[in-house]
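# Have a look; sequence and predicted model below, questions after that.
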Amino acid sequence: MKTAKELLLSYLEQINNPDTAIELFADDAVFELPYLASLGLPWQWKGRDVIYNFLKNLPKTFGNFKFQNIRIHIDTPDQTFGEYDVNAIVNSTGRVYPQTYMGRVVAENGKIKLIREALDMVVVAKGMFPDGLAHLA
């Protein structure tokens, strides 16, 4: 049975392979990016089917999306917290996406029950919105 840290590391490694990544999640798992709500974007996905559809769209949204420089700060069998970076390209705008994520994973029965990530919304807006930060005005 995988620990929370092992699940997080596997998720980060498999981010571009949704068919493999989804196997890490419990049937009733929740995936959250709460600060996306500040940009008027969806921020919570519940259940494996919904999470799978979210993960399937990442390669369509970003080119060369790969987590790197992984730092684990909290490590218990059922919870872990870490930071990890990505330098990708937003496919729709062609802009660079240099982002640092902070993520907490809660594990239950060897599966991800909850993953909650925080990220810099300015980087999201600059990279993803056609008019960058002006979109927020």
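Yep, it's here. The model shown is predicted, which means the values in this text are computed figures rather than measured ones.

# OK, contacts around the residue nearest to Val96 when sequence neighbours are not counted?
Of all residues not flanking Val96 in the chain, Ile89 sits nearest, at 6.3 Å (Cβ to Cβ, 6 or more residues apart in numbering). C-beta here means a position set from N, CA and C on the backbone, and glycine is covered the same way. Taking Cβ atoms under 8 Å, 6 or more residues apart in numbering, we find Ile89 in contact with 62-64, 95-97.

# May I have the beta-bridge partners of the residue lying closest to Glu13 once chain neighbours are set aside?
Using Cβ to Cβ, 6+ apart and skipping the chain neighbours, the partner closest in space to Glu13 is Phe67 (7.7 Å). Bridge pairing for Phe67 (DSSP bridges) gives the partners Val86.

# who touches Phe67 in this structure?
Here Phe67 is in contact with 12-13, 15, 84-86, 101 (Cβ under 8 Å, 6+ apart).

# again, 10 Å this time
By Cβ atoms under 10 Å, 6 or more residues apart in numbering, the residues touching Phe67 are 8-9, 11-13, 15-16, 82, 84-86, 88, 99, 101, 103.
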